[in-house]
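Generate coordinates for the sequence data below:
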Amino acid sequence: MRGAAVLLCAILSVLSAARAAEAPVTGIWYEEAVYGGSRYISIMRLDPDGSYSATHRKCLKQGSLDDHETGHWQYKDGIVHIITDTVDGVPSGAVNDYRTESNNGHIWVYVGIAGPGFARYGPVRFRDVHVAKDSELPKCDLTS
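The predicted model follows:
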């Protein structure tokens, strides 16, 4: 019994250290994703004050379509909760939740688990790369 208690304490210690060592999600993140039959490239900025902005580029057969979001976010227990206040200046109010699978500070992998788009398309897995603050979206034909 004592051995089980020691093992449990060791496991909890490792899990606690792993959670504490998780890289922050603040910063500028670049992603490419496919969902709803369309390919998107995005840059998202998560600021330490809880505000966010994102530019999404939907790649079309001819050209692209951009939108710009602003809002606020919270991160707790591996879940990022994002409330979109505006899309292209128009009030939105969309709420999305994403569960972190891994984050080493350079690569952040997460899954959309709740929100209007995921209700429509199902869970979407994202793989974002931490980029410099002056990064811009490339043209659709320049991405993979």
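
Next, the buried residues of the helix or strand hosting residue 111.
If you go by DSSP states H and E, residue 111 is part of strand 107-114. Across strand 107-114, burial judged by 16 or more other CB atoms under 10 Å covers 108, 110, 112. The C-beta positions use only the backbone N, C-alpha and C, and glycine is treated the same way.

Repeat that for stretch 87-94.
Result for stretch 87-94 [16+ other CB under 10 Å]: buried residues residue 87.

repeat for stretch 43-52
Here stretch 43-52 shows 43-46, 52 as buried, counting by 16+ other CB under 10 Å.

Could you please name the strands whichever strand or helix holds residue 82 pairs with and the direction of each pair?
Element membership for residue 82 (DSSP H and E) is strand 79-87. Strand 79-87 has the following strand partners under DSSP bridges: strand 64-76 (antiparallel), strand 90-103 (antiparallel).

As a markdown table, these with mean pLDDT and distance to residue 135 would be great.
Listed next are those as a markdown table, based on pLDDT from 0 to 100; distance: least, CB to CB, whole Å:
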| stretch | mean pLDDT | distance to residue 135 |
| --- | --- | --- |
| strand 64-76 | 97 | 15 |
| strand 90-103 | 96 | 18 |
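
Residue 139: which of the ones you listed is closest?
strand 64-76 (7.3 Å; CB to CB).

hmm, who's touching the strand holding residue 82?
Residues outside strand 79-87 that contact it (CB atoms under 8 Å, 6 or more residues apart in numbering): 25, 46, 52, 67-75, 91-100, 110, 113.

please redo it, this time with the cut-off set to 7 Å
25, 52, 67, 69-74, 91-92, 94-99, 110 (CB atoms under 7 Å, 6 or more residues apart in numbering).

Buried among those residues? Make that a PyMOL selection.
The buried residues among these can be selected in PyMOL (16+ other CB under 10 Å) with this line:
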select buried, resi 25+52+69+70+71+73+96+97+98+99+110
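
Pull out the buried residues from stretch 128-140.
Per 16+ other CB under 10 Å, stretch 128-140 contains these buried residues: 128, 130, 137, 140.
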